[in-house]
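Asks: Predicted structure and sequence below. I'll ask about it afterward.
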Amino acid sequence: MTGIEENVALLRNEVSDEKASAHDSRAVIHKRLDEQARQTARLDTRVAISGGADVQIREEIKSLKETVEKNQEAVGPALEEWKRMKTIGYGISGLIAFAGLTIGGIIAYASDGAVAALRHWLKIN
């Protein structure tokens with residue numbers, strides 16, 4: 001009978017070792033599952049926060065877009081007036097340049113006659 005008792009004791013030891021090993025293995029698995037649950041909860045929180053921030057940013061962009069459109073409507077006539085004034089300014093500048101060239105040409109043409117008249121008046125040959 002002692003042989004049987006020894007075998008039973010050995011079996012019990014092996015079974016208890018397997019139980020301890022299984023317990024440790026299950027503990028590791030449960031620890032990993034808990035960590036996964038925490039990470040999932042953090043991810044859900046981040047997604048919720050990001051979603052709220054997206055909504056807030058969209059609202060800000062929408063209000064800024066409305067403000068810009070209102071400002072463009074308010075400033076539009078002034079910009080058109082400025083463009084018209086600029087065009088008129090270019091026209092006036094062109095006229096002044098043309099007048100200056102014309103006067104310069106007339107003076108250059110008349111200078112020959114003026115020099116001849118001056119020489120005649122001063123009696124210089």
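Replies: Nice, thanks for sending it over. Here the structure is a predicted model, which is why all the values come from computation and not from measurement.
Asks: Let me know how buried residue 93 is, in neighbour terms.
Replies: Residue crowding around residue 93 was assessed by other C-beta atoms under 10 Å; the count is 10. Glycine gets a C-beta too; all of them are placed from N, C-alpha and C.
Asks: and the helix or strand containing it, average pLDDT?
Replies: In this assignment (DSSP states H and E), residue 93 forms part of helix 2-122. In this model, helix 2-122 has a mean pLDDT of 87.
Asks: Determine how far that helix lies from the middle of the whole chain.
Replies: With C-alpha atoms, centre = their mean, to the nearest Å as the basis, helix 2-122 stands 1 Å off its chain's centre.
Asks: helices or strands next to it in the packing?
Replies: Packed against helix 2-122 by the contact rule (3 or more C-beta pairs under 8 Å, 6 or more residues apart in numbering; DSSP states H and E) you find no helix or strand.
Asks: any idea how this structure splits into domains?
Replies: In the assignment given by the TED database, the structural domains of the chain cover 1-88, 90-124.
Asks: List the buried residues for the last one?
Replies: Same thing as domain 90-124. Across domain 90-124, burial judged by 16 or more other C-beta atoms under 10 Å covers no residue at all.
Asks: starting at the chain centroid, how far to it?
Replies: Distance of domain 90-124 from its chain centroid, counting by C-alpha atoms, centre = their mean, is 60 Å.
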